[in-house]
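Novice: any chance you could fold what I've pasted below:
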Amino acid sequence: MTMLPRPLELVVLGQGISSRFVRAGGCCLVCLGLMGGAAAQGGESGQGRSGIKVVPRLSVTEMFTDNLLLDDAAKDRALVTTMAPGINVSMNSARTRLMLDYSLNGLLYYKTERANRTQNALSANASVTLVDDWLSVDTRAQIGQQALSAFGAVGSNNALVNQNQAETATASVTPIVRGQLLGLMRYDLRSTVSETRTRNNVAGDGSGRSAALRVDSLATPGSPFTWYLSSQIQRNTIKLGRSNQTSNHTAGLRWHPDVDWTVGALVGAERSDLGSVRQTAGSTYGADVSWLPTPRTNVLLNWQHHVYGDSHSLSFDHRMARSAFRLSDATSASAGGVIGAGGQLTNYELLFQQFASIQPDPVKRDELVKAFLQANGLAADAFVGSGFVSNAATRSRRQEASFSWTGMRTSLIGSINQSRSVRLGPQPGQPDDLVSSGLVKQQGASLSLSRRLTPQASVSLTAGYLRTRGQLSSQSTSLKSLTANWNARLGRQLTGQLGMRHAQFYSLSKPYRENALFVTLVQQF
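Specialist: So this is what the prediction gives:
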């Protein structure tokens, strides 16, 4: 155990890395992921470059819209050219798993006075083993467009000019130490450093620091019981809100009556100021049930009492050869910042779950899912307009049902969800949606239908709906959108897309209708 201080050194290093790289922007985050993968690859003797795959690309989109500013009172017809060089990096080796996709979108506006601009898009996950069976580091980074207010305008395309939208970057670094003690128990020690930054805006900016230690007993022959001890502390800072800290110390017992069933209970103590100005101490207790009747079915139920309010999660997942579906219901507390669509599955995630029976390797499955989405003209992200920025601790409940079905030539992907968010604790210094309303309700649905016409061409139709409501009658908005695409492979590594879009946004203050035609070419190298 004399080596345990080493992860703490990595935590200190990670604090500086995550903070600097999130502030620096998307390109630096990409460099972080690439350097992490390259460094791990270089540390594996005899591997060479066989374990890494790099696919550069260039995407060009020409779009005509009749409402660039999303304002019926001041419609601005315009041509928008999007030049988007990008790269996809995947790696699957004995010590490193990396999935990274990044694009730099240059938006060029014609027949309008709007200035040109750039947007970053990033999704990166990496896990690197530094010491076999002992020390590893997980990193995550994401950059995307986020609505600042749930009651503001929601755009159906990121190239449109929307004052209620900002680019948000998040990054986290988690050193993990795992091992066994005396052959009787195993331990897991980890510390996470996370940062969130909003481009040209401080709304939603925040940071998080957490440390957790868990000790589990090893199963003994003939005994259906195992136990665990858990201790964790988390501190969050919201730039326009207030800092909060939560500590939790529990002991739990698990019963395994059958190979398919696990039943658990826990009891402990915690302190938190999520729901009050000062730290409040109290007891925590809960129970959970897990049922895995087959490798294709998973049922999880968890409930726990906290000093700031009870939490629960319920999920049911099932996949078959050509379909997968999921039901979920969860209540949780957030320290503030970006309140997103937690738990919602995108088209990519649904298919990634469904294709597990076809390709168990996650990196190869990632390539398979992306190829399927591209061939059928489906967006990797389902219609997601929900989410907003909160400057105070928030309690949310989200319910969702989602499914995917893939036939020989026809595919169908859909989801329906609703969420309810309320503020915890005192009013923050900077007003937000939960100050003006006290309650934010959102309901959303999406449905995508695609049909393969030939081995090289397909058509797709996607419908989306999002409704947001507050406590006041004026705090009610809705967005309906319909997009039709024709997609074709024009060469060995060249694909094209021709499409049209109609969107209708309802709001008492600023409603709009928007129609667009677009054509996209994507060349991989």
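
Novice: can we go C-alpha only for contacts and neighbour counts from here?
Specialist: Fine.

Novice: check Pro7 and give its pLDDT.
Specialist: For Pro7, the pLDDT comes out at 32.

Novice: and what of the one 3 residues further on?
Specialist: What the model reports as pLDDT for Leu10 is 32.

Novice: repeat for Ile413
Specialist: Model confidence at Ile413 (pLDDT) stands at 85.

Novice: who are the contact partners of it?
Specialist: 347, 402-405, 447-449 (CA atoms under 8 Å, 6 or more residues apart in numbering).

Novice: try 7 Å this time
Specialist: The contact partners of Ile413, by CA atoms under 7 Å, 6 or more residues apart in numbering, come to 347, 403-405, 447-449.

Novice: any of those buried? List them.
Specialist: Taking 16 or more other CA atoms under 10 Å as the criterion, what is buried in these is 347, 403-405, 447-449.

Novice: narrow the contacts of Ile413 to those in strands?
Specialist: Among these, the subset assigned to strands under DSSP state E consists of 403-405, 447-449.

Novice: show me the shaky parts of the stretch 201-350 of the chain.
Specialist: 339-347, 349-350 (pLDDT under 70).

Novice: mind doing that once more with 80?
Specialist: Applying pLDDT under 80 to the stretch 201-350 of the chain flags the ranges 201-204, 240-242, 275, 277, 335-350.

Novice: the helices in the stretch 351-500 of the chain, which residues?
Specialist: Under the criterion DSSP state H, counting those that start in this stretch, the stretch 351-500 of the chain contains helices at 362-375, 433-436.

Novice: ok, back up a step: so which of the ones in strands among the contacts of Ile413 comes closest to Gln504?
Specialist: Set against Gln504, the nearest of those by CA to CA is Leu447 (16.7 Å).

Novice: do you know how far that closest one is from Thr406?
Specialist: 14 Å (CA to CA, to the nearest Å).

Novice: same question for Ala356.
Specialist: Counting by CA to CA, the separation of Ala356 from Thr406 is 14 Å.

Novice: buried ones in stretch 416-429, by neighbour count?
Specialist: Buried residues in stretch 416-429 (16+ other CA under 10 Å): 416-425, 427-428.

Novice: so how far is that stretch off the chain centroid?
Specialist: 19 Å (CA atoms, centre = their mean, to the nearest Å).

Novice: what's across from Leu447 in the sheet?
Specialist: Beta bridges link Leu447 to Gly414, Ala463, judged by DSSP bridges.

Novice: what do you get for the one 10 residues further on?
Specialist: Taking DSSP bridges as the rule, Ala457 bridges to Ala488.

Novice: who are the contact partners of it?
Specialist: By CA under 7 Å, 6+ apart, the contact list for Ala457 reads 487-489.

Novice: nearest to Gly264 among those residues?
Specialist: Nearest to Gly264, judged by CA to CA, of the contacts of Ala457 is Asn487 at 49.6 Å.

Novice: any chance of the helices of the stretch 351-500 of the chain in TSV, plus mean pLDDT, mean neighbour count and distance to Thr226?
Specialist: Output for the helices of the stretch 351-500 of the chain, formatted as TSV (pLDDT from 0 to 100; neighbours: other CA atoms under 10 Å; distance: least, CA to CA, whole Å):
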stretch	mean pLDDT	mean neighbour count	distance to Thr226
helix 362-375	75	16	30
helix 433-436	80	20	43
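
Novice: in the stretch 351-500 of the chain, where is pLDDT below threshold?
Specialist: 351-368, 370-392, 425-432, 435.

Novice: could you redo the last one with a cut-off of 70?
Specialist: 354, 357-358, 375-386, 428-429.

Novice: how about the strands of it, start to end?
Specialist: 388-390, 394-406, 410-423, 439-452, 457-469, 476-489, 494-507 (DSSP state E, counting those that start in this stretch).

Novice: in JSON lines, list the ones in strands among the contacts of Ile413 along with distance to Ser223.
Specialist: Converted to JSON lines, the ones in strands among the contacts of Ile413 look like this (distance: CA to CA, whole Å):
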{"residue": "Phe403", "distance to Ser223": "39"}
{"residue": "Ser404", "distance to Ser223": "40"}
{"residue": "Trp405", "distance to Ser223": "42"}
{"residue": "Leu447", "distance to Ser223": "48"}
{"residue": "Ser448", "distance to Ser223": "49"}
{"residue": "Leu449", "distance to Ser223": "50"}
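
Novice: tell me the one of those residues nearest Trp303?
Specialist: Distances from Trp303 to those, taken by CA to CA, are shortest for Phe403, at 25.3 Å.

Novice: wait, that closest one touches Ile416, no?
Specialist: No - assessed by CA atoms under 7 Å, Phe403 is found out of contact with Ile416, at 9.4 Å.

Novice: what distance separates stretch 238-253 from the centre of its chain?
Specialist: That offset, for stretch 238-253, works out to 21 Å (CA atoms, centre = their mean).

Novice: can you tell me the strand partners of the strand or helix carrying Arg190 and which way each runs?
Specialist: Taking DSSP states H and E as the definition, Arg190 sits inside strand 185-198. Using DSSP bridges, strand 185-198 pairs in its sheet with strand 165-181 (antiparallel), strand 201-217 (antiparallel).

Novice: contact partners of it?
Specialist: By CA under 7 Å, 6+ apart, strand 185-198 touches 11, 14-15, 18-19, 22-23, 166-180, 204-218.

Novice: identify, from the ones in strands among the contacts of Ile413, the entry nearest to Lys370.
Specialist: Ser404 (14.9 Å).

Novice: distance of the nearest residue to that closest one once chain neighbours are set aside from His306?
Specialist: Using CA to CA, 6 or more residues apart in numbering and skipping the chain neighbours, the partner closest in space to Ser404 is Ile413 (4.3 Å). Using CA to CA, we find Ile413 at a distance of 37 Å from His306.

Novice: then Met320?
Specialist: Distance from Met320 to His306, by CA to CA: 37 Å.

Novice: of those two, who's got more company?
Specialist: His306 (19 against 15; other CA atoms under 10 Å).

Novice: where does the nearest residue to that one once chain neighbours are set aside sit relative to Ala269, distance-wise?
Specialist: The spatially closest residue to His306, leaving aside those adjacent along the chain, is Thr284, at 5.3 Å (CA to CA, 6+ apart). The spacing between Thr284 and Ala269, counted by CA to CA, is 5 Å.

Novice: so which residues of the stretch 51-200 of the chain form strands?
Specialist: Using DSSP E, counting those that start in this stretch, the strands of the stretch 51-200 of the chain run over 52-65, 78-92, 96-110, 117-131, 135-147, 165-181, 185-198.

Novice: could those strands be laid out in CSV, adding mean neighbour count, mean pLDDT and distance to Leu461?
Specialist: Converted to CSV, these look like this (neighbours: other CA atoms under 10 Å; pLDDT from 0 to 100; distance: least, CA to CA, whole Å):
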stretch, mean neighbour count, mean pLDDT, distance to Leu461
strand 52-65, 17, 94, 18
strand 78-92, 20, 93, 22
strand 96-110, 21, 93, 24
strand 117-131, 18, 93, 24
strand 135-147, 22, 91, 23
strand 165-181, 21, 93, 25
strand 185-198, 21, 94, 32
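
Novice: go through these and name the closest to Val389.
Specialist: Of all those, strand 135-147 comes closest under CA to CA, at 7.5 Å.

Novice: show me what the closest one pairs with in its sheet, parallel or antiparallel.
Specialist: Sheet pairing for strand 135-147, using DSSP bridges, gives strand 117-131 (antiparallel), strand 165-181 (antiparallel).

Novice: all set, thanks.
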